[in-house]
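Participant: everything below, folded, please.
(2 chains)
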Number of protein chains: 2
Amino acid sequence: MDAIQHFQSNKERYLEELLDLLRIPSVSADSKFKGDVRKAAEFIKTKFEEAGADTVELVETPGHPIVYAEKIIDPKLPTVLVYGHYDVQPADPYELWDSPPFEPVIKNERIYARGACDDKGQMYMHVKAFESLVKSGSLPCNAKFMIEGEEEVGSSHLETFVKENKKKLAADVILISDTSIISNETPSITVGLRGLSYLEVEVTGPNRDLHSGVYGGAVANPINVLCDMIASLQDKEGHITIPGFYDKVEDLSTEQRSEMAKAPFDLEAYKKDLKINDVKGEKGYSTIERTGIRPTLDVNGIWGGYIGEGAKTVLPSKANAKISMRLVPHQDSDEITEIFTKHFESIAPKSVKVKVTPHHGGEPAVISTTSPAYQAASRAFEEAWGKKPIPTREGGSIPIVALFQKELALDPILMGFGLDSDAIHSPNESYGLFNFYKGIETISHFYRFFSELEK
Amino acid sequence: MDAIQHFQSNKERYLEELLDLLRIPSVSADSKFKGDVRKAAEFIKTKFEEAGADTVELVETPGHPIVYAEKIIDPKLPTVLVYGHYDVQPADPYELWDSPPFEPVIKNERIYARGACDDKGQMYMHVKAFESLVKSGSLPCNAKFMIEGEEEVGSSHLETFVKENKKKLAADVILISDTSIISNETPSITVGLRGLSYLEVEVTGPNRDLHSGVYGGAVANPINVLCDMIASLQDKEGHITIPGFYDKVEDLSTEQRSEMAKAPFDLEAYKKDLKINDVKGEKGYSTIERTGIRPTLDVNGIWGGYIGEGAKTVLPSKANAKISMRLVPHQDSDEITEIFTKHFESIAPKSVKVKVTPHHGGEPAVISTTSPAYQAASRAFEEAWGKKPIPTREGGSIPIVALFQKELALDPILMGFGLDSDAIHSPNESYGLFNFYKGIETISHFYRFFSELEK
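Facilitator: Model prediction:
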C-alpha cells in the first residue's frame, strides 16, 4: 500500500492530532505562555517518534526549544530538509473571536483556531506526510525536520542553531509550508518574499503626566508629536520619505509587471471581503504590486495617555508605537533599521526625547523557478490538484528563507497551502480541511518526484 | 473666641478628617468606583451636619449625588454660596505613584494622594472654615454649599439641579476653590478660565485585524491614517487648522498682553521642573499666553493595534483617540465640537470610516475684578498672606463657572490655593499643609469682609 492510501485510511486521526496541537496556546511573544510553548514542542517530538523517525531531539536554546527529527534510509540518497514552526501569534483581541482561539472548532469544512493555518496546520501536514511515507514503506529518500518555536518573534535563536549544525542539516532542498496559494482553484508556489524591519519607538515629553488645561498649548504633547512624526514618514502619494529607503529597491521591467498582472485578482471581491470602500497605497502601483514588489511602512500598534472609560484631560509624559517596514529584494533589514532610527531621531523636535528600539528583522528573498526542486514541487501540485501552479510573490516575510540561502546554500521551496482569507494573525484564523488533506497528498508526491529528479 | 482661634486649636483634627476623605477612591469616570463615590458624598454630608449646618441633603441625580448644605442665620443678611466637588480623576498609571494614590501620606509638609488638591483638599477647607465660623459663633452671614461628584466627568447633572433650584441657590456670591495661585510667595486670584471641547474618535479600516505582510501597503492602516489626520489638525507653527476655529477668539491688546507679562514667570525653572529641553506651542505667543489666552488641541489618549509584549505584525482594524480642545472667551464649546466633527469627518480618506463621539464640554469665562466680592477676596488674601493677590488667567476649565454666570447671574470668585506643581490629574498629586491651613484662614476672612462690603 502506498503513502496516499495510508493517509486516506488515517486522515480522521491526523485531524484529531492537529486539533490536540491547536489546544496548546504556544504564544511565543508572551512570556506567560512559556510553559505551553514547551508543551507544543514536546507534542511534536512525540509525534515524530510515533511516525518512525530514528533520531528526535528537543534542542534547547536561550529561548524556546527547536524540535529536530531525521530518518536516514541511505546516505547516498537525496535528503529533504523540512522547516516549520509550532509557535503562534498572540490571539488578542480575544473578544473578536467567535469561538475561543485555543478551543478549535470545525465549521463548514474549516478548522477555526489560532495557528490552524500559521503554522501548526501547515507544519503538521509534513509530520503526517512523513508518517504516511514511512508506515507505507514508501519513503524514497532521507528526511530531516527542523521545527522551531520562535518564528513569530523573529527566530532569535535559529540562526545560531543553523550556523552550528550545517553538517547535521546538510540536505538537497528545504521544504517550507508557511505561505498561501492564490485559491483552491488556482494553486501557486511562492517565489518571492518581503523582508522585515520592526522597531518600537518611545516619545517622552514632560517627566510626568500633566493637566492639559494648566500646561496644554505650552508643553509638547508626546502623542501629538508622535502622530506628526509618523505622518511625516510617508508623503501624500504613499511614498516613504526616509532618506535612502528606496536606494536598493529594484524596479521591475514592464514585462515582469505585465507577467504579474496575469495572476487572477478581483479588486471588488477583495474590497468586499475586507468591507472597505477603497484600497490605499503607493501611487502608480497595483494592489498586487503594492503587496508583492513594493516596500511598506505600517504602524502595528500605538498607545499613550488615558485609554480608559470616560474622559481624562491629561497631557501625557510618553507615547509609544510599534512600527514595521516590509522590504523587497536587495533591501537590507539591518541597514533599513539603521536609517529609520537615524531619520526618526533626526525629525524629533527639541521639546521631546525619542528612544528607538529595534525588534527582529528579516531579509527579503527571491527563489529560482528552474531548480529540480521547483520542478518537483510543480509536478507534485499538478499530480494532486490537476493544475500547474503559478509562481507568485508574497507580501509576507519568512526571514529564515534568506538565512537558509546564505548559511545552507539551499533554495527553499515555499510549498504553502493556505489562503489569504485564512485570517492568519487575526481573530477567527482558520484552515480548510481540503487544504490540510490536499497538502499532505502534495507533499507526499513531492518526495517521489524530487527523488527521481535528483537521481 | 473667633474663627481663626477655633481653627488653630482644631487644625490637627481637620487634617485627619481630610486624610479619611482622601482614602475613599471616588473616581467618577470609572463605574467600578460608583459605591466609593457615594461613600465620599455621605462623608461630606456627615461633616456638614457636625459643623452645624441646619439643612443637609444628599441630592440624587441619574449619576452621582450632589451634597447640599445651608445655614441661614438671617434672610436679610448676605448669602455666600460655595461650590466644590468630591470626585477625583482616575489615578492610573498606578505604577508611577511613589505611594498608593488612595493611601495618603505626609512627606515634607505635603499631603500625597489623588484628590489631595483637586478638589477634596480645596473643597474641604470650606467645610472646616464654615465649622470654625459656626462653632466660634462668628458666622457673619448666610452660607450655602453645593458639592458635586461629577466635576471630572463634565458635571453632567449639575446643570439640571441648578436650573431647577435657582431659588434655593439664591446668593450674593459663589465661592470656588479649584484653581491655583502663582506661588506661596505670590498669591493670585483667577479671573479667566479656558473652556473645553472633548471628543473621542474612532478610525476603522478593514473589518478585521490583518497580516501586515499579506495586506500591508495595499489596505489603509487605521493607525497611520489616524496619525495623518491628527497631524493635519495643527500646522507647522502650531496654529489649529480647523476652519472657523479662531473666528471668535479675541486678540488681546498690547496693553493687556504687557500687563500679563508682568506676572512672575521663570522659563528655565519651568523647563527644569518638567525635565524638558524646550517648550512647544503656537508661534508668536509666550508660555503664559499659550496657557492663558490661546485655545489649544491636545490628544489625551491614543490606542490601536498590538500593544503587548514583543512584536506582532498586524494591520489593525481600528484605531482610537481622545482629543480635547481648550477654548478661550467667546468660543462656544458646542460650536467647536460641531466644527471639529465636521472637519474631522471631511479629512478622512475614502479607505476608512470615521466615528466621532463628543464627551463633555465647558464654556470659557472671564470674571470682573471690580465687584465687591472680588474686593472682599482680595482683602482676605492680604489679611492672611500679607500681600495683595495678582489677578491671573488660568489654562484649566471649570465649565460650571459659565453655568453659574448664566443661570444664577453670579460672578464666581475663584479663590484657589493650589500650585501648578501640585501635579493634579497626575501621579503623586499633592497639596501643601501650608496651603490647606492658609486657605481655611483666607476663606474665614472672606466671609467677614464680604459681609461688611455687602452691608
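
Participant: going by C-alpha atoms from here, please, whenever you check contacts or count neighbours.
Facilitator: Will do.

Participant: and the end-to-end length of stretch A:81-98?
Facilitator: This stretch, stretch A:81-98, spans 37 Å end to end (C-alpha to C-alpha, to the nearest Å).

Participant: now it: how far from the chain's centre is it?
Facilitator: Computed by C-alpha atoms, centre = their mean, to the nearest Å, the separation of stretch A:81-98 from the middle of its chain amounts to 10 Å.

Participant: can you tell me the residue of the stretch 101-250 of chain A closest to chain B?
Facilitator: With C-alpha to the nearest C-alpha, the shortest gap between the stretch 101-250 of chain A and chain B falls at A:Gly213, namely 3.7 Å.

Participant: hmm, stretch A:142-149 in reach of chain B?
Facilitator: No - Stretch A:142-149 stays clear of chain B (C-alpha under 8 Å from any C-alpha of the partner chain), getting no nearer than 14.4 Å.

Participant: roughly how far is that stretch from the heart of the chain?
Facilitator: For stretch A:142-149, the separation from the chain centroid amounts to 17 Å (computed by C-alpha atoms, centre = their mean).

Participant: using the record's assignment, carve chain A into domains.
Facilitator: A:3-193+A:364-454, A:195-249+A:295-359 (automatic domain parsing).

Participant: reformat those as TSV; add mean neighbour count and distance to B:Ser155.
Facilitator: Conversion of the domains of chain A to TSV gives the following (neighbours: other C-alpha atoms under 10 Å in any protein chain shown; distance: least, C-alpha to C-alpha, whole Å):
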stretch	mean neighbour count	distance to B:Ser155
domain A:3-193+A:364-454	20	32
domain A:195-249+A:295-359	22	12
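
Participant: would TSV of these with distance to B:Leu158 and mean pLDDT be doable?
Facilitator: TSV is the format used below for these (distance: least, C-alpha to C-alpha, whole Å; pLDDT from 0 to 100):
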stretch	distance to B:Leu158	mean pLDDT
domain A:3-193+A:364-454	36	95
domain A:195-249+A:295-359	17	96
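
Participant: picking that back up, identify the residue nearest the residue of the stretch 101-250 of chain A closest to chain B in space, chain neighbours excluded?
Facilitator: By the measure of C-alpha to C-alpha, 6 or more residues apart in numbering or on different chains, the closest residue to A:Gly213 outside its immediate chain neighbours is B:Gly396, 3.7 Å from it.

Participant: check A:Gly244 too.
Facilitator: The shortest distance from A:Gly244 to any residue that is not its chain neighbour, by C-alpha to C-alpha, 6+ apart, is 7.5 Å, and that residue is A:Ile339.

Participant: pretty sure that neighbour is touching A:Tyr246, no?
Facilitator: No - between A:Ile339 and A:Tyr246 there is no contact, the gap being 11.2 Å when judged by C-alpha atoms under 8 Å.

Participant: so A:Lys312 is in which element?
Facilitator: A:Lys312 is located outside every helix and strand, with elements delineated by DSSP states H and E.

Participant: so it versus A:Ser212, what's the distance?
Facilitator: Applying C-alpha to C-alpha, the value for A:Lys312 to A:Ser212 is 9 Å.

Participant: what do those two both touch?
Facilitator: Counting by C-alpha atoms under 8 Å, 6 or more residues apart in numbering or on different chains, the contacts common to A:Lys312 and A:Ser212 are B:Asn300.

Participant: who in the stretch 51-200 of chain A is up against chain B?
Facilitator: Applying C-alpha under 8 Å from any C-alpha, one finds that the stretch 51-200 of chain A approaches chain B through A:89-90, A:152-153, A:194, A:198.

Participant: A:Thr254 - how many residues pack around it?
Facilitator: A total of 9 residues lie near A:Thr254 under the criterion other C-alpha atoms under 10 Å in any protein chain shown.

Participant: cool, the one 10 residues further on as well?
Facilitator: For A:Pro264, the neighbour count with other C-alpha under 10 Å is 11.

Participant: all strands for the stretch 201-350 of chain A, in order.
Facilitator: Residue ranges of the strands in the stretch 201-350 of chain A, as given by DSSP state E, counting those that start in this stretch, are A:210-211, A:296-305, A:314-315, A:318-327.

Participant: which ones are touching the residue of chain A most remote from its centre?
Facilitator: Distance to the chain centre peaks in chain A at A:Val214, reaching 47.3 Å (criterion: C-alpha atoms, centre = their mean). For A:Val214, the set of contacting residues under the criterion of C-alpha under 8 Å, 6+ apart consists of B:291, B:394-396, B:420.

Participant: same thing but 6 Å
Facilitator: Contacts for A:Val214 (C-alpha atoms under 6 Å, 6 or more residues apart in numbering or on different chains) come out as B:395-396.

Participant: for it, give its distance to B:Glu12.
Facilitator: According to C-alpha to C-alpha, A:Val214 stands 31 Å off from B:Glu12.

Participant: how about A:Gly362?
Facilitator: Taking C-alpha to C-alpha as the measure, A:Gly362 and B:Glu12 are separated by 65 Å.

Participant: same check on A:Leu414?
Facilitator: As defined by C-alpha to C-alpha, A:Leu414 lies at a distance of 77 Å from B:Glu12.

Participant: one more: A:Met125?
Facilitator: Taken as C-alpha to C-alpha, the span from A:Met125 to B:Glu12 is 76 Å.

Participant: now do A:Pro90
Facilitator: 54 Å.

Participant: swap in A:Phe245?
Facilitator: Taking C-alpha to C-alpha as the measure, A:Phe245 falls 66 Å from B:Glu12.

Participant: again with A:Ala41
Facilitator: Relative to B:Glu12, A:Ala41 is positioned 65 Å away (C-alpha to C-alpha).

Participant: try A:Ala377
Facilitator: Using C-alpha to C-alpha, one gets 86 Å for the distance from A:Ala377 to B:Glu12.

Participant: so which elements touch the lengthiest helix in chain A?
Facilitator: Within chain A, and with DSSP state H defining each element, the longest helix by residue count is helix A:433-454. Counting contacts by 3 or more C-alpha pairs under 6 Å, 6 or more residues apart in numbering or on different chains; DSSP states H and E, the secondary-structure elements packed against helix A:433-454 are helix A:120-135, helix A:372-385.

Participant: let's have those helices in TSV, adding distance to A:Asp2.
Facilitator: Below are those laid out as TSV (distance: least, C-alpha to C-alpha, whole Å):
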stretch	distance to A:Asp2
helix A:120-135	7
helix A:372-385	15
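
Participant: out of the ones you listed, which gets nearest to B:Ile174?
Facilitator: Evaluated over the helices and strands packed on helix A:433-454, closeness to B:Ile174 peaks at helix A:120-135, with 68.9 Å, by C-alpha to C-alpha.

Participant: which other helices and strands does the helix or strand following that closest one contact?
Facilitator: Note on helix A:120-135: by DSSP H and E, the next helix or strand toward the C-terminus is strand A:142-148. Under the contact criterion of 3+ C-alpha pairs under 6 Å, 6+ apart, the helices and strands touching strand A:142-148 comprise strand A:66-71, strand A:79-85.

Participant: give me the sheet partners of the shortest one and which way each runs.
Facilitator: What it means is strand A:66-71. strand A:55-59 (antiparallel), strand A:142-148 (antiparallel) (DSSP bridges).

Participant: of all those strands, which one comes closest to B:Cys117?
Facilitator: Taking C-alpha to C-alpha as the criterion, B:Cys117 comes closest to strand A:142-148 out of the strands paired with strand A:66-71, the separation being 55.4 Å.

Participant: now the angle between helix A:120-135 and that closest one, please.
Facilitator: Between strand A:142-148 and helix A:120-135, the angle comes out at 160 degrees (axes from the mean of the first three to the mean of the last three C-alpha atoms, to 10 degrees).

Participant: just checking, what packs against the next helix or strand after strand A:142-148?
Facilitator: The C-terminal neighbour of strand A:142-148 among helices and strands, as given by DSSP H and E, is helix A:158-164. With contacts defined as 3+ C-alpha pairs under 6 Å, 6+ apart, there are no secondary structure elements packing on helix A:158-164.
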